[in-house]
Structures are given as structure tokens and as C-alpha cells.
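Student: Please work out how this folds:
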Amino acid sequence: MKREPAENLQTPIASLIDVVFLLIIFFVVTADVDKEARDESIRLAVTRHVPPAADKDPRRITINLRRSGRLGIGRQQLTETQLRRILNATAAQCGTTVPVIVRCDAGARYEIVNRVLTLVSSTGLYRIQLATRPEI
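Tutor: Residues are numbered from 1 along each chain as shown. Sure thing, here's the model as predicted:
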């Protein structure tokens, strides 16, 4: 048997480079998703005896409620009707066990917070948490 010279053996790397670039794009796009769900202008209420939420369910919905009463998911501002439609669709598609985190500003009036909590529970979603920050 005759062996081929080593110089003729080459590994095609063109497709490997494509795969590496696709992986890089995937990780860049998905790495910032959790930050987009938060509205950093919201100043959360301070709590003493409440442990931080440890559940990292990827299906969770984060609702931002500003002091002025404006609602949003991520950076998108919503009306109560739009929020109700989104939550109803989520409950119908994924079930009622989807966690909902309400990040409300510490200065928001309680009647607005209560209205949002009532809206969420009326859609059948029952895993509702209020986001707070621990006392330092």
C-alpha cells in the first residue's frame, strides 16, 4: 500500500468558521435578555425578611410598573388591555404555572399595584412575586 503525502491532507475549516460565528451570535443575543426585562429606572421597595427569588424559570414574565403608573414588559410600554391580552395568551399557550414578577417602583401608589396584581391573577396565572431589594 502506498501512503499519500501529508501535504495533501487538509481539514476544511470554512464550515467550521461558519459554525463558530453562529455560536458567537447566539450567545451575544441571548446573554442580554434578562437585562432587557428590567427597567433600571424603577427604584424597588426595601424588605427585611424576604429571601430573594431563586426561581429562574425561562418562561417567567417580568412586568415593570413605574411610579407614574405606566406598565411595561421589557422596554415596551403597554396599556392594561394589552397586558391582559399578553397574559391570557401566555396562560393559554404555556399553562397557568408561568411565574410573573412584578417590579414596581417603591413610590407607586398601592391602588395601582393592587390593580396590576388583580389583573394578573384574573388571567389564571397564580405564581406572582413582587420584586424587592434587600435591606442593607
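Student: so where's this protein uncertain?
Tutor: The model of the chain has pLDDT under 70 over residues 1-9, 29-41, 43, 49-55, 135-136.
Student: tell me the SS of Q93?
Tutor: helix (DSSP: H, G, I helix; E, B strand; the rest coil).
Student: can you count the residues close to it?
Tutor: 9 (other C-beta atoms under 10 Å). Every residue, glycine included, has its C-beta placed from N, CA and C.
Student: so how far is L125 from it?
Tutor: According to C-beta to C-beta, to the nearest Å, Q93 stands 12 Å off from L125.
Student: before we move on, what about V100?
Tutor: Distance from V100 to L125, by C-beta to C-beta: 5 Å.
Student: anything in contact with each of the two?
Tutor: L87 (C-beta atoms under 8 Å, 6 or more residues apart in numbering).
Student: OK, contacts around T96?
Tutor: Counting by C-beta under 8 Å, 6+ apart, T96 has contacts 124-126.
Student: which residues in this structure form strands?
Tutor: 46-47, 61-65, 71-73, 76-78, 100-104, 128-130, 133-134 (DSSP state E).
Student: May I see the buried residues of the fourth one?
Tutor: Burial within strand 76-78, assessed by neighbour count using 16 or more other C-beta atoms under 10 Å, is assigned to L78.
Student: What pairs with that strand, parallel or antiparallel?
Tutor: Using DSSP bridges, the strands paired with strand 76-78 are strand 71-73 (antiparallel).
Student: ok, so of the contacts of T96, who is nearest P12?
Tutor: The closest of these to P12 turns out to be L125 (C-beta to C-beta; 50.3 Å).
Student: Against S68, how distant is that closest one?
Tutor: 24 Å.
Student: neighbour-wise, which of these two wins?
Tutor: L125 (21 against 10).
Student: shouldn't the more buried one be in contact with N88?
Tutor: No - contact criterion C-beta atoms under 8 Å: L125 and N88 do not qualify, at 9.2 Å.
Student: ok, now which ones touch N114?
Tutor: So N114 contacts nothing (C-beta under 8 Å, 6+ apart).
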